[in-house]
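Chemist: Provide a 3D model corresponding to the input given below.
(one chain, ligands or ions: 1)
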Amino acid sequence: MSNSYVLVINSGSSSLKFAVIDPDTGDAVISGLGECFGLPEAEISWKYHGEKTEEAIPAGGDHHQYAFTRIVKLLDSLELSDKFVAVGHRVVAGGESFKGTVRVTEDVVTEIENLAELAPLHNKANADGIRAAMEVFPSLPQFAIFDTAFHQTMPAKAFMYALPSKVYDEYKVRRYGAHGTSHYFVSREAAKVLGKPAFECNLITVHLGNGASITAVKNGESVDTSMGLTPLAGLAMGTRCGDLDPSVIEFLIRKGWDNDTIFNTLNKQSGLLGLSDKTSDMRGLIEALEQGDKAAQLAFDVFTYRVAKYIGSYLVSVGEGLNAIVFTGGIGENSLPVRKAVLDYLKVFGFVEDEQANEAARFGRSGQIAQSELLGAVALVIPTNEELVIAQDCVNLL
Ligand code: ADP
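Modeler: The predicted structure is shown next:
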């Protein structure tokens, strides 16, 4: 264990995740999560030496601020703070301004705030987290790592919407994608598994968590991805609708729905939650469908069908020589029924499931779960580790 750690912070709209990472090994010395901010059930929990501690956050006041202060106190009491060499902040939207990780300056924070239009639920919270950390750790270098950066290699044919060109020229409305840190990490891990240099790998990386996205990776670079201007596009997600005919919005406006209601519905009341009318959580959804809940079954079917449809279309984006499809994220790493359903659709491309391997590759274990002789490709499960990428980026830039 080294004596230099990176504090990784992921400040969300109603949550605050943190981890103290050893950049040499990728191990988390401590990791934790403040969640349900603004609600009576708000709490903060952390795992240290395998032991989990939970604490309620008192009602009222600013829960972000409370959680941040509590985390700093905790890290001080564990004598970790004086071992930090940097603070790395996950930021969702970097627009075209940030093509890689940058050291935080006042200008950088201001630009992150300016880009809040692109990720309304996230960027403001990200910037608040950075400001809070700068105040507490004024002498530590801070870095911003952008979810969009990995996708800045997409060609214009993939990132442009078929709108009048002035919409892009004036407002920079285009596809930016997200989850880039995760797609980057698993693409590099897949290269190791395949025994090839990353720049020779052609992959389809499938990140399925509460948010979900798919990326076509050609010669190690992102060439297309399912999220768009914001993380709302693409797959059906826990609470987000994903792809939608834009006319639906106009239709709802004509029915009298206002902007906030529509925004809230598409982002927070749709996806698995909206379709099932029950839960945004895949585990709960599967329990419900196993008990014969038809709405839960439909939500599962919409989710898995769309994942498979995107994979099919990204065979075109990757072109000849696909090496692997890579499943990751909470659902991609753990949910056997989801992977089975997707692999079932992929039989058309010659994929044959290795049932035992699929069963085994869960709960943090990697594995090769299917193979297609037709494509000369395999399907892999690789647990993601965004915190490690963040920590290593910080150390590399130092
Ligand atoms: P986030 O996008 O918030 O980081 P995660 O990557 O942690 O989300 O993924 C959360 C999702 O993973 C939830 O839908 C959860 O139900 C699902 N998940 C986690 N463990 C399992 C499991 N054992 N089986 C099925 N789904 C799981």
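Chemist: Residue 317 - that's part of a helix, no?
Modeler: Yes. Assessed with DSSP: H, G, I helix; E, B strand; the rest coil, residue 317 lies in a helix.
Chemist: for the spatially closest residue to it that is not a sequence neighbour, what are its contacts?
Modeler: Nearest-residue entry for residue 317: residue 216, 3.6 Å, with adjacent residues in sequence omitted and distances by C-beta to C-beta, 6 or more residues apart in numbering. Where you see a C-beta, it was placed from the backbone N, CA and C, and this is true even at glycine. By C-beta atoms under 8 Å, 6 or more residues apart in numbering, the contact set of residue 216 is 203, 204, 222, 223, 224, 225, 314, 317, 318.
Chemist: how about the nearest residue to the residue of the stretch 101-250 of the chain found nearest the ligand, chain neighbours excluded?
Modeler: At 2.5 Å from the ligand, residue 209 is the closest residue in the stretch 101-250 of the chain, using C-beta to the nearest ligand atom. Nearest residue to residue 209 in three dimensions, chain neighbours excluded: residue 329, at 3.6 Å (C-beta to C-beta, 6+ apart).
Chemist: repeat for residue 88
Modeler: Leaving out its chain neighbours, the residue that sits closest to residue 88 by C-beta to C-beta, 6+ apart is residue 390, at 4.0 Å.
Chemist: Go ahead and produce CSV holding the CA coordinates of whichever strand or helix holds that neighbour.
Modeler: In the assignment (DSSP states H and E), residue 390 maps to helix 386-397. Provided in CSV are the C-alpha atoms of helix 386-397 (Å, rounded to 0.1, in the frame of the first residue of the first chain):
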residue,chain,number,x,y,z
GLU,A,386,-14.0,4.9,-13.1
GLU,A,387,-12.3,5.9,-9.9
LEU,A,388,-9.1,4.3,-10.9
VAL,A,389,-9.1,6.1,-14.2
ILE,A,390,-9.7,9.4,-12.4
ALA,A,391,-6.9,8.7,-9.8
GLN,A,392,-4.4,7.7,-12.5
ASP,A,393,-5.2,10.7,-14.6
CYS,A,394,-4.6,13.0,-11.7
VAL,A,395,-1.2,11.3,-10.9
ASN,A,396,-0.2,11.3,-14.5
LEU,A,397,-0.9,15.0,-14.9
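Chemist: Does residue 215 fall in a helix, a strand, or a coil region?
Modeler: Quick answer, by three-state DSSP: residue 215 is strand.
Chemist: Tell me how many other residues crowd it.
Modeler: Residue 215: 33 surrounding residues under other C-beta atoms under 10 Å.
Chemist: next one: residue 60
Modeler: When neighbours are counted by other C-beta under 10 Å, residue 60 registers 7.
Chemist: same thing with the one 5 residues further on?
Modeler: Using other C-beta under 10 Å, residue 65 is surrounded by 13 other residues.
Chemist: got it, and residue 163?
Modeler: Residues lying near residue 163 (other C-beta under 10 Å) number 11.
Chemist: next one: residue 106
Modeler: 9.
Chemist: State the distance from the residue of the stretch 101-250 of the chain closest to the ligand to residue 375.
Modeler: 26 Å (C-beta to C-beta, to the nearest Å).
Chemist: Residue 306 now?
Modeler: For residue 306 relative to residue 375 (C-beta to C-beta), the value is 21 Å.
Chemist: Likewise for residue 165?
Modeler: Distance, residue 165 to residue 375, using C-beta to C-beta: 36 Å.
Chemist: Between those two, point out the one with more neighbours.
Modeler: For residue 165 and residue 375, the more surrounded residue by other C-beta under 10 Å is residue 375, and the numbers stand at 18 against 8.
Chemist: quick one: the more buried one is in a helix?
Modeler: No. Secondary structure of residue 375 (three-state DSSP): coil, not part of a helix.
Chemist: give the contact list for the closest residue to it other than its chain neighbours.
Modeler: Nearest residue to residue 375 in three dimensions, chain neighbours excluded: residue 322, at 5.3 Å (C-beta to C-beta, 6+ apart). The contact partners of residue 322, by C-beta under 8 Å, 6+ apart, come to 202, 203, 204, 315, 375, 376, 377.
Chemist: And the helix or strand harbouring residue 313, what's buried?
Modeler: Element membership of residue 313, judged by DSSP H and E, is helix 294-318. By neighbour count on 16 or more other C-beta atoms under 10 Å, the buried set for helix 294-318 is 296-297, 299-300, 302-304, 306-308, 310-311, 314-315, 317-318.
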